[in-house]
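Engineer: just need the structure, nothing else, for what follows:
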Amino acid sequence: MIELDEQQQAARDWFESLRDRICAEFEAIEREAAPSTGSGEARFDYMPWERLDPDGSPGGGGVRGLMKGQVFEKVGVNVSTVGGSFSPDFAQSVLGAAEDPRFFATGISLVAHMANPHAPAVHMNTRFLATTKRWFGGGADLNPPLPYEEDTADFHARLRAACAAHDPTYYPRFSKWAEDYFFIPHRGVHRGVGGIFFDHLEDHFDAHFAFARDVGEAFLDVFPKLVRRRMATPFSDEDKARQLEWRGRYAEFNLIYDRGTLFGLKTGGNVDAILMSLPPLATWS
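Structural biologist: Numbers count the residues shown, from 1 in each chain. Next comes the predicted model:
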């Protein structure tokens, strides 16, 4: 086990409690769908994993939560708390690590791929990192294969409200950051309909921790509503084909550009947990 200070423990406890509440809500949605489909109730399967630092010392670990159901074709909700030392090359790219490669990171990462192509896929992540600096980062973005203006508006409105409670500049800054970040340069298209993305919220631990918590609460409030709104919508073969093609774009982004994927692989995280973001099925035509 790695030793945690008060701030690190508080952040870890929050991310784990948020995981529990999200997983419970997603399982509740599956129970609601089970009577109409005649299927059994899907539940999360949890796989704990441990990490060793390159010198063999304990480097923390995490738990991968995975569920495959009638509504959520594949959803992963991961929590991790890791620490150790970055490689010299990677340390140069991380805030505050060039001076000292030792690091600590704790967070939650979620990706949901839906069975119904009218129900939007989604990504959410919040995290706390410590090197010679300390900061929060994260965000949430909606990824519908078949976008609905109503869903996009509701998702953004809830994130806008979460941001406005802390700083009037947050939503304009962080929604633009998401628009720029979740873009696939080689395709010339955005990955989805946006959301917010933020990083390097340094110092002022209590204020930034409160904001990270509100982002998690906003996600837990709005996304299940969108799922319930669309999960029973009839769909055609053409709709499904569009979903599978879109998932290919999603996979390309996560494997080529996503910072979280790179961070997990560079720090010796569990490969199955890192790559749980990939869709269960995709096509390239």
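Engineer: okay, CA-based contacts and neighbour counts for the rest of this
Structural biologist: Noted.
Engineer: gap between residue 138 and residue 107?
Structural biologist: In this structure, residue 138 and residue 107 are 9 Å apart, going by C-alpha to C-alpha, to the nearest Å.
Engineer: show me the strands in this protein, by range?
Structural biologist: 45-52, 58-67, 72-85, 102-114, 121-130, 134-143, 183-184, 189-190, 194-202 (DSSP state E).
Engineer: and the angle for the second one with strand 102-114?
Structural biologist: Note on geometry: by axes from the mean of the first three to the mean of the last three C-alpha atoms, to 10 degrees, strand 58-67 and strand 102-114 are set 10 degrees apart in direction.
Engineer: strand 58-67 pairs with which strands?
Structural biologist: For strand 58-67, the paired strands and their directions (DSSP bridges) read strand 45-52 (antiparallel), strand 72-85 (antiparallel).
Engineer: what lies in contact with it?
Structural biologist: 1-2, 42-53, 73-84, 269, 273 (C-alpha atoms under 8 Å, 6 or more residues apart in numbering).
Engineer: and the fourth one, by the same measure?
Structural biologist: Strand 102-114 has contacts (C-alpha under 8 Å, 6+ apart) with 8, 11-12, 15-16, 19, 71-86, 97, 120-131, 276-277, 279-280.
Engineer: can you tell me which of those residues are buried?
Structural biologist: Restricting these to buried positions leaves 8, 11-12, 15-16, 19, 71-86, 97, 120-131, 276-277, 279, with burial counted as 16 or more other C-alpha atoms under 10 Å.
Engineer: what is the burial count for residue 140?
Structural biologist: 27 (other C-alpha atoms under 10 Å).
Engineer: you'd agree it is up against residue 156?
Structural biologist: No - using C-alpha atoms under 8 Å, residue 140 is not in contact with residue 156; the gap is 9.8 Å.
Engineer: list residues touching both of the two?
Structural biologist: Shared contacts of residue 140 and residue 156 (C-alpha under 8 Å, 6+ apart): residue 195.
Engineer: circling back to that earlier point, mean pLDDT lowest where, among the strands paired with strand 58-67?
Structural biologist: Mean pLDDT across the strands paired with strand 58-67 is lowest at strand 45-52; the value there is a mean of 91.
Engineer: give me the contacts around that one.
Structural biologist: Residues outside strand 45-52 that contact it (C-alpha under 8 Å, 6+ apart) are 58-67, 82, 268-270.
Engineer: not counting its neighbours along the chain, what's nearest residue 181?
Structural biologist: When the adjacent residues along the chain are set aside, residue 181 lies closest to residue 197, with 7.8 Å between them (C-alpha to C-alpha, 6 or more residues apart in numbering).
Engineer: would you mind giving the strands paired with strand 58-67 as TSV with distance to residue 175 added?
Structural biologist: Below are those laid out as TSV (distance: least, C-alpha to C-alpha, whole Å):
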stretch	distance to residue 175
strand 45-52	32
strand 72-85	23
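Engineer: quick one: which of the ones you listed is nearest residue 214?
Structural biologist: Set against residue 214 and scored by C-alpha to C-alpha, the strands paired with strand 58-67 come closest in strand 72-85, at 17.5 Å.
Engineer: go ahead and name everything in contact with the closest one.
Structural biologist: By C-alpha under 8 Å, 6+ apart, the surrounding residues in contact with strand 72-85 are 2, 12, 15-16, 19, 23, 30, 51, 53, 59-68, 101-115, 273, 276-277, 279-280.
Engineer: near the closest residue in space to residue 99 that isn't next to it in sequence, how many other residues are there?
Structural biologist: Of all residues beyond its chain neighbours, the one nearest residue 99 is residue 132 (7.4 Å), with distances taken as C-alpha to C-alpha, 6+ apart. Under the neighbour criterion other C-alpha under 10 Å, residue 132 is assigned a count of 14.
Engineer: for the nearest residue to residue 141 once chain neighbours are set aside, what are its contacts?
Structural biologist: In space, residue 141 comes closest to residue 195 once its chain neighbours are excluded; the distance is 4.2 Å by C-alpha to C-alpha, 6+ apart. Residue 195 sits next to 139, 140, 141, 142, 155, 156, 159, 174, 175, 178, 179 when contact means C-alpha under 8 Å, 6+ apart.
Engineer: quick check: bridge partners of the closest residue to residue 189 other than its chain neighbours?
Structural biologist: Using C-alpha to C-alpha, 6+ apart and skipping residues adjacent in sequence, the residue nearest residue 189 is residue 183, 6.0 Å away. Going by DSSP bridges, residue 183 is paired in beta bridges with residue 190.
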